[in-house]
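A.B. asks: task: produce atomic coordinates for the following.
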Amino acid sequence: MKKLLIAAAVSATLLAPMAAHAQKIGLAMAELDTFLTILKNGTVDAGKKAGATVQVEDAGGDVGKQLSQIQNLIAQKVDAIIVNPVDTDATPKITKMVTDAKIPLIYVNRKPVDFEKLPAGVAFVASDEKVSGTLETQEVCRLLKGKGDILVLMGELSNEAARTRTKDIEEVIATKECSGMKIVDKREGKWDRTKAQDIVTNWLSSGVKFDAIIANNDEMAVGAINALKAGKKWTPATIVAGVDATPDALASMKAGDLKATVFQNAAGQGAGSVDAALKLIKKQAVERFVNVPFELVTPANLSKYSGKN
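C.D. replies: Presented below is the predicted three-dimensional model:
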């Protein structure tokens with residue numbers, strides 16, 4: 001019996017290092033605004049559930065800093081790297097750096113400019129941006145009955161999502177149903193609530209006439225609403241729309257302010273990127289684009305999305 005116990009103890013000791021080994025995933029975030037913080041938390045939580053550790057790096061919107069952080073993750077020999085790029089134009093360099101090191105790479109939320117050329121071992125997990133700006137603009141068109149002057153708040157134009165969402169707006173307005181709508185002005189609010197508030201304040205000061213404000217994200221939409229209220233230009237009928245369905249945006253909609261947003265599943269994107277990373281580590285097949293669908297949110301279906309982001 002004693003010999004059996006000793007043998008069992010030795011076996012357990014030999015197996016322990018293998019059992020204790022956990023996959024280590026590097027997560028390089030562009031920044032940590034409201035939406036991206038939810039995405040980051042979703043990634044870390046999904047990692048824990050899968051028995052993997054996730055090391056988070058925040059670039060604070062600095063592309064040079066992000067490249068340095070990715071180099072450090074490569075030097076640490078992490079098992080996979082998930083990147084939410086600061087500047088999507090820098091992704092060819094990131095792709096080369098990581099694939100040269102033979103480390104699986106997953107882009108999350110922001111589409112790399114080299115998407116069509118991504119090699120094996122690289123995937124992109126996000127929601128199809130062709131849908132986001134389209135859904136919010138179609139809803140604004142419905143509310144305006146196809147006619148009205150529009151102001152557009154754009155995200156950082158170095159970001160593919162900002163460019164695509166703005167193009168979505170323009171394409172919807174070009175349709176027959178919405179051809180009575182016209183973009184009066186569009187400005188780069190850089191995804192930021194305060195910057196958007198300043199832009200809208202300037203629009204109000206210059207006397208620009210408009211019927212709706214369409215923002216590339218909820219932070220800018222909330223900033224627009226704040227400016228309209230501060231300038232005493234807000235009425236319950238005022239139309240402002242955004243994208244992301246952040247907690248602040250849903251609270252604004254519940255209060256009767258924000259008229260439309262588009263649910264982008266931040267936690268779902270984070271979990272999807274971890275799932276893709278673990279599959280690539282095991283040399284399993286992963287689609288080049290893993291789609292996490294967008295969904296329109298209005299006051300009519302608001303309760304369905306409460307607490308989801």
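
A.B. asks: got any ranges where this structure has weak pLDDT?
C.D. replies: Within the chain, the ranges that satisfy pLDDT under 70 run 1-21.

A.B. asks: how's it carved up into domains?
C.D. replies: 2-127+266-292, 129-263 (automatic domain parsing).

A.B. asks: any idea which of these is most buried?
C.D. replies: Among the domains of the chain, ranked by average contacts under mean count of other Cβ atoms under 10 Å, first place goes to domain 129-263 (a mean of 20). All C-beta spots, glycine's among them, are computed from the backbone N, C-alpha and C.

A.B. asks: distance between the ends of that one?
C.D. replies: End-to-end distance of domain 129-263 (Cα to Cα, to the nearest Å): 12 Å.

A.B. asks: again with stretch 287-304
C.D. replies: Start-to-end span of stretch 287-304 (Cα to Cα) is 29 Å.

A.B. asks: how about K40, nearest residue that isn't a chain neighbour?
C.D. replies: The shortest distance from K40 to any non-neighbouring residue, by Cβ to Cβ, 6 or more residues apart in numbering, is to M29 (5.6 Å).

A.B. asks: could I get the contacting residues of that neighbour?
C.D. replies: Contact analysis of M29 by Cβ atoms under 8 Å, 6 or more residues apart in numbering lists L36, L39, K40, V56, E57, D58, A59, N84.

A.B. asks: one more time with 6 Å
C.D. replies: By Cβ atoms under 6 Å, 6 or more residues apart in numbering, M29 lies in contact with K40, D58, N84.

A.B. asks: quick one on the thing from earlier: make TSV from the domains of the chain and add distance to K304 to it.
C.D. replies: Formatted as TSV, the domains of the chain follow (distance: least, Cβ to Cβ, whole Å):
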stretch	distance to K304
domain 2-127+266-292	15
domain 129-263	9
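
A.B. asks: can you tell me the closest non-neighbouring residue to A59?
C.D. replies: Nearest non-adjacent residue to A59, counting by Cβ to Cβ, 6+ apart: Q66, 3.6 Å away.

A.B. asks: alpha carbons only: can I get stretch 79-92 in CSV?
C.D. replies: Below are the C-alpha coordinates for stretch 79-92, written out as CSV (Å, rounded to 0.1, in the frame of the first residue of the first chain):
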residue,chain,number,x,y,z
ASP,A,79,1.3,31.6,-27.2
ALA,A,80,-0.9,34.0,-29.2
ILE,A,81,-1.4,37.8,-29.6
ILE,A,82,-4.7,39.6,-29.9
VAL,A,83,-4.5,43.1,-31.3
ASN,A,84,-7.0,45.9,-31.3
PRO,A,85,-4.9,48.3,-33.5
VAL,A,86,-4.5,52.0,-32.8
ASP,A,87,-4.0,52.7,-36.5
THR,A,88,-5.3,50.1,-38.9
ASP,A,89,-2.8,51.3,-41.5
ALA,A,90,0.0,49.9,-39.3
THR,A,91,-1.4,46.4,-39.4
PRO,A,92,0.8,45.1,-42.3
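
A.B. asks: please enumerate residues in contact with it?
C.D. replies: For stretch 79-92, contacts defined as Cβ under 6 Å, 6+ apart pick out 23-30, 59, 61, 63, 66, 73, 94, 98, 103-110, 112-114, 158-160, 273, 277, 281.

A.B. asks: may I have the phi/psi pair for the residue nearest to I239 when sequence neighbours are not counted?
C.D. replies: Leaving aside its chain neighbours, I239 sits nearest to A212 (3.9 Å; criterion: Cβ to Cβ, 6+ apart). Main-chain dihedrals, A212, degrees, to the nearest 10: phi -160, psi 160.

A.B. asks: of the domains of the chain, which approaches S303 most closely?
C.D. replies: For S303, the closest of the domains of the chain is domain 129-263, at 9.0 Å, according to Cβ to Cβ.

A.B. asks: about what we covered before: which of the contacts of stretch 79-92 fall in strands?
C.D. replies: Of these, the ones assigned to strands by DSSP state E are K24, I25, G26, L27, A28, M29, L105, I106, Y107, V108.

A.B. asks: quick one on the thing from earlier: I figured the residue nearest to I239 was touching R142, is that so?
C.D. replies: No - here A212 lies out of contact with R142, judged by Cβ atoms under 6 Å, at a distance of 11.2 Å.

A.B. asks: export the contacts of M29 as CSV, with columns for distance to K186.
C.D. replies: Shown next, in CSV, are the contacts of M29 (distance: Cβ to Cβ, whole Å):
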residue, distance to K186
K40, 29
D58, 29
N84, 25
